[in-house]
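S.K.: quick one, fold the following:
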Amino acid sequence: MRNRYSCLMVNSGDSAGQVAPAELEPVRTLLNSWLIPNDSRQPTDRFGELAGELRWRRSEAALVRELRDDLRRAVESGEAGCLNRWIGRIDLRPVVEEGGVAYRHEAGPAGDYLAAVVSAVGTGTWKRLKACPDCRWIFYDNTRNGSKRWCLMYAGGPDGRACGTIAKVRRYRDRQASRPIS
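M.R.: Sure, this is the predicted structure:
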């Protein structure tokens, strides 16, 4: 089933190579509707803006927000046990369609997002969605060995944050501070 929700709001412009493949990119956009902006460093929930842009009904938005929060916890912790509960709750059903597996449901946008996540688990791309340990931005790890840890090493524009570089500088300064003076 095609996810009809495009990446409207949060991931506009250059995503610095963090774009997820195909149907997983709208999930990444959804997850990043909660973020820690670089200027204020205060958590900000932009879900209402996203729901408004996509014209979801209130009941649809409430379910998607709940799914978003569970999926963020799953990405940040590496534990995807909540997916089984959501599969049952939304009644996501696999069907063979055009030589592949698709998913049917009656749950609107939440079902579409969940179907994209379940498909990504099946293809192995779900585990490449990661949360930056500093700013908690959800990024897609497109490195060959899947070992990327930080959202970015270098600031990608005026709003870009170089979390990897900041962490390395912090570690270097800590080492220098604890070094005996000779």
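S.K.: how far away is the residue minimising distance to the centre of the chain from residue 144?
M.R.: With distances taken as C-alpha atoms, centre = their mean, the residue of the chain nearest its centroid is residue 28 (3.4 Å). Noted for residue 28: a distance of 20 Å to residue 144, by C-beta to C-beta, to the nearest Å. (Each C-beta comes from the backbone N, C-alpha and C, glycine too.)
S.K.: how about residue 30?
M.R.: Counting by C-beta to C-beta, the gap from residue 30 to residue 144 is 27 Å.
S.K.: repeat that for residue 31.
M.R.: 23 Å.
S.K.: higher neighbour count, the two?
M.R.: residue 31 (25 against 6; other C-beta atoms under 10 Å).
S.K.: pretty sure the more buried one is touching residue 137, no?
M.R.: No - Residue 31 is beyond contact range of residue 137, at 9.1 Å (criterion: C-beta atoms under 8 Å).
S.K.: what's the single longest helix in this protein?
M.R.: Longest helix in the chain by number of residues, with DSSP state H as the criterion: helix 58-77.
S.K.: which other helices and strands contact the helix or strand following that one?
M.R.: Using DSSP states H and E, the helix or strand that follows helix 58-77 in sequence is helix 82-90. The helices and strands touching helix 82-90, judged by 3 or more C-beta pairs under 8 Å, 6 or more residues apart in numbering; DSSP states H and E, are helix 58-77, helix 108-123.
S.K.: residue 20: which of the ones you listed is closest?
M.R.: helix 108-123 (8.0 Å; C-beta to C-beta).
S.K.: quick one: contacts of the closest one?
M.R.: Counting contacts by C-beta atoms under 8 Å, 6 or more residues apart in numbering, the residues outside helix 108-123 that touch it are 1, 3-5, 23-24, 26-27, 30, 54, 56-57, 60, 63-64, 66-68, 71, 80, 83, 86-87, 90, 92, 101-103, 105, 107, 126, 129.
S.K.: buried subset of the residues you listed, written for PyMOL?
M.R.: Under the burial definition 16 or more other C-beta atoms under 10 Å, those of those that qualify are selected in PyMOL by:
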select buried, resi 1+3+5+23+24+26+27+30+54+56+60+63+64+67+68+71+80+83+86+87+90+92+103+105+107+126+129
